[in-house]
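J.: fold the following for me, if possible:
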Amino acid sequence: LTLGIPGESVTAVLMGGLIIHGLQPGPELFTKYAPMTYTFFGGFVVIQFFMLIIGLIGCRLFAKIARVSDAILIPSIFVLCVVGSFAINNSAFDVKVMFVFGIIGYLMRKCNMNTAAVVLALILGPLGEKGLRRSLSLSGGDTSILLSTNICKILLALCLLSLLSPFVMKFFKKEKKADEAVLAEEDKEIDEASKKNEMK
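T.: This next block holds a predicted model:
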């Protein structure tokens with residue numbers, strides 16, 4: 001939160017909530033917005049006790065939610081999303097944005113893409129743009145500043161590697177499956193040989 005860089009998807013969602021309420025994650029969160037931030041964290045501490053009490057009392061009831069039919073659950077969630085989107089600014093435009101991102105999220109799931117990455121991009125994007133603008137203004141618009149130091153080169157190389165990581169992971173998964181298939185075939189042959197020996 002201090003650096004404004006989410007470590008995982010849950011923190012990214014938390015930061016998204018802070019941004020919606022006008023709190024920019026970063027050093028200012030603990031200086032400029034200190035009263036709000038520490039109240040927020042204090043609330044987290046108090047909530048833990050309430051969650052424990054409510055969880056112990058209602059665990060049997062909450063377990064029954066898993067049995068609720070999708071025909072009831074999905075429309076209920078959809079209505080809450082529409083109401084929540086409209087309630088932020090009392091704007092129908094926000095609901096349209098919600099629909100667009102809902103469709104994008106659905107397509108991403110269908111293509112086996114990580115939806116949490118979009119949330120991370122929405123938070124890290126403005127920070128990256130701000131840093132890029134600052135660098136270009138200091139260099140007078142010279143883009144070679146992006147490769148001026150070894151740290152810059154390493155970070156850019158890591159960014160490129162992260163873009164290629166899905167393809168690399170697919171390759172390793174295929175290799176692993178091929179190895180598992182070979183081992184399974186060898187085990188089958190050993191079993192068959194042992195059965196033949198037993199019959200003899």
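J.: make it CA atoms for all contacts and neighbour counts henceforth
T.: Will do.
J.: and residue 21, what's its pLDDT?
T.: On the pLDDT scale, residue 21 is placed at 75.
J.: and it, its phi and psi?
T.: The phi and psi torsions at residue 21 (degrees, to the nearest 10) take the values phi -90, psi 10.
J.: kindly report the same for residue 2.
T.: Torsion angles, degrees, to the nearest 10, at residue 2: phi -70, psi -40.
J.: with residue 26 instead?
T.: phi 150, psi -170.
J.: for it, give me its contacts.
T.: When contacts are counted by C-alpha atoms under 8 Å, 6 or more residues apart in numbering, residue 26 touches 1-5.
J.: of the residues you listed, buried ones?
T.: 1, 4-5 (16 or more other C-alpha atoms under 10 Å).
J.: returning to what we had before: which of the contacts of residue 26 lies closest to residue 163?
T.: residue 5 (18.4 Å; C-alpha to C-alpha).
J.: how far does the helix or strand encompassing residue 151 sit from the chain's center?
T.: Assigned by DSSP states H and E, residue 151 belongs to helix 150-199. In terms of C-alpha atoms, centre = their mean, to the nearest Å, the centre of helix 150-199 is found 26 Å from the chain centre.
J.: from the contacts of residue 26, which land in strands?
T.: Among the contacts of residue 26, no residue falls in strands (DSSP state E).
J.: can you pick out the most distant pair from those residues?
T.: 2 and 5 (7.9 Å).
J.: so what sits against both of these two?
T.: With C-alpha under 8 Å, 6+ apart as the test, residue 2 and residue 5 both reach 25-26.
J.: can you tell me the element residue 104 falls in?
T.: Secondary structure (DSSP H and E) places residue 104 in helix 92-110.
J.: in the chain, where is pLDDT below threshold?
T.: Where the chain drops to pLDDT under 70, the residues are 9, 178-179, 181-182, 186, 191, 193, 195-200.
J.: give me the residue at the spatial middle of it.
T.: Centroid-nearest residue in the chain: residue 116, 2.4 Å away (criterion: C-alpha atoms, centre = their mean).
J.: give me phi/psi at residue 33?
T.: Residue torsions, per degrees, to the nearest 10, at residue 33 are phi -110, psi 30.
J.: burial of it, as a residue count?
T.: For residue 33, the neighbour count with other C-alpha atoms under 10 Å is 15.
J.: circling back to that earlier point, for residue 139, see how far away the residue nearest to the centre of the chain is.
T.: Remark: distance between residue 116 and residue 139 (C-alpha to C-alpha, to the nearest Å) = 34 Å.
J.: do the same with residue 126
T.: 20 Å.
J.: now do residue 120
T.: 28 Å.
J.: out of the two, which sits in the more crowded spot?
T.: Between residue 120 and residue 139, counted using other C-alpha under 10 Å, the more crowded position is residue 120 (21 against 13).
J.: quick one: which helix or strand includes that one?
T.: Per DSSP H and E: helix 116-138 holds residue 120.
J.: ok, residues contacting that helix?
T.: Residues outside helix 116-138 that contact it (C-alpha under 8 Å, 6+ apart) are 4-6, 9, 12-13, 15-16, 142-143, 145-146.
J.: tell me what angle it forms with helix 92-110.
T.: 110 degrees (axes from the mean of the first three to the mean of the last three C-alpha atoms, to 10 degrees).
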